[in-house]
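Asks: just the structure for this:
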Amino acid sequence: MIRRLGLGAVAVLALAAGSWLAAPASADDSCKPGTTKKIAFMLKHQKAFRYLNADVPFFVKTAEAAGYEVLVQSADHDAAKQVAQAENVITQGVDAIVIQPVDFNVAAQIAEMAIEAKVPLASYDDLILGAKQTAFIGRDPREGGASAARAVSALVPKGNYALIGGDPGQTGSTQMQEGYHSVLDALAEKGDIKIVLDQFSSGWKTEAAQAHAENALTQNDNKIDAFLVSYDGMSVGVLQAIDGAGIAPGSIPVTGQDMELAAAQAIVEGRMFGSVWPAPDEMAVAGANAAIAMAQCKDIGATDKINNNAADIPWVKTPIYLVSGKEMPEFACSHKHWLDIDEVYKNAPDKKPTCQ
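Replies: Here you go, the predicted model:
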């Protein structure tokens with residue numbers, strides 16, 4: 001069932017998350033409440049639909065309601081630029097940093113700088129590796145990958161599978177690929193399926209994904225039975241490759257992630273099987289509430305822990321699940337802040353649901 005959560009409900013969930021994993025607001029177990037009333041929200045970029053319509057507005061609204069100014073930073077997929085931005089916000093003075101790393105290894109420098117400056121820092125969406133930090137806020141990409149793989153393998157229990165991941169320098173991509181394999185490897189060992197492509201795409205680029213799909217189709221005489229793809233922008237490239245090969249739209253299940261408009265329309269029209277929903281609206285609210293708690297030396301509401309090769313990091317876990325054509329009507333009705341339902345069903349108005 002699709003969650004029907006507005007901003008207020010999400011905030012309640014984020015604040016009510018289990019308190020049994022109470023965490024200090026700094027990685028060295030010492031904390032002094034901040035005084036600047038500023039929070040840095042550092043994103044790898046802001047161009048994708050999700051950042052403009054979920055992450056940024058939900059984070060900012062939640063933090064501002066608590067009396068905090070948000071310094072939104074966009075690194076434009078440049079790891080060095082993100083390090084420089086972090087140096088700048090730390091110098092300016094902030095009470096907490098919430099950061100989606102461009103590169104989870106390079107960003108370890110930022111976590112170390114924050115510790116040195118005694119500024120609590122939490123990874124957001126992608127976990128920084130190899131450095132202590134106060135928290136991780138985000139979904140488990142492996143759960144998303146597994147949900148897509150289970151649904152597709154139930155639909156297509158035999159055949160050739162192509163896996164197209166996102167940027168290899170981000171846990172959101174590498175762990176989603178792990179999720180695919182957690183379901184598919186056993187089927188491959190039995191001989192039911194064959195994984196004929198398993199590639200990442202730097203920068204989550206549409207063009208790279210299209211090239212991967214074209215190569216897979218060419219090398220297998222167009223006999224690809226499923227494409228598991230880690231981002232809707234890349235799925236668009238895969239759909240173009242399928243069309244370019246003269247294959248009937250919808251005859252090969254294709255998945256994506258983020259529920260962008262083009263993907264939602266393709267799902268409604270039957271050209272795409274489904275998109276993994278990482279609930280960036282809920283993640284943003286949880287991130288803002290965790291930042292406020294860190295700034296005030298309060299419990300962040302972690303419900304789990306995750307190891308990043310430096311420590312067991314308190315984890316504020318947020319939901320992730322696949323939305324296929326079956327679930328699309330309920331999703332479209334309950335996420336009007338995300339997509340205009342008229343646009344979603346623009347090319348299939350007869351399928352448009354009547355929302356309660």
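
Asks: buried ones in stretch 172-183, by neighbour count?
Replies: The neighbour-count check on stretch 172-183 (16 or more other CB atoms under 10 Å) flags 172-177, 179-181, 183 as buried. Bear in mind the C-beta positions are built from the backbone N, C-alpha and C, glycine included.

Asks: and the two most separated of the residues you listed?
Replies: By the measure CB to CB, Gly172 and Val183 form the most distant pair in these, at 18.1 Å.

Asks: what are the ranges of the strands in the chain?
Replies: When secondary structure is read from DSSP state E, the chain shows strands at 38-43, 69-74, 96-99, 121-124, 135-138, 159-164, 193-199, 226-229, 255-257, 274-277, 304-307, 312-317, 321-324.

Asks: Val152: which of those strands is closest?
Replies: Shortest distance between Val152 and the strands of the chain, using CB to CB, is found for strand 226-229: 5.0 Å.

Asks: what's the closest one in contact with?
Replies: Under the criterion CB atoms under 8 Å, 6 or more residues apart in numbering, residues 145, 148-149, 152-153, 155-156, 159-164, 180, 209, 213, 235, 238, 242, 252-257 lie in contact with strand 226-229.

Asks: quick check: the gap between the nearest residue to Val83 once chain neighbours are set aside and Ala122.
Replies: By the measure of CB to CB, 6 or more residues apart in numbering, the closest residue to Val83 outside its immediate chain neighbours is Gln109, 5.6 Å from it. Distance, Gln109 to Ala122, by CB to CB, to the nearest Å: 16 Å.

Asks: the two - which one has more neighbours?
Replies: Set Gln109 next to Ala122 and count neighbours by other CB atoms under 10 Å: Ala122 wins out with 30 against 18.

Asks: hang on, the earlier thing: buried subset of the contacts of strand 226-229 as a ChimeraX selection?
Replies: Selection of buried members from the contacts of strand 226-229 for ChimeraX, criterion 16+ other CB under 10 Å:
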select :145,148,149,152,153,156,160,161,162,163,164,180,209,213,235,238,242,252,253,254,255,256,257
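
Asks: next, count neighbours for the closest residue to Thr206 other than its chain neighbours.
Replies: Leaving aside its sequence neighbours, Thr206 sits nearest to Gly237 (CB to CB, 6+ apart; 4.1 Å). Residues near Gly237, counting by other CB under 10 Å, number 23.

Asks: before we move on, what about Pro168?
Replies: Neighbours of Pro168 under the rule other CB under 10 Å: 13.
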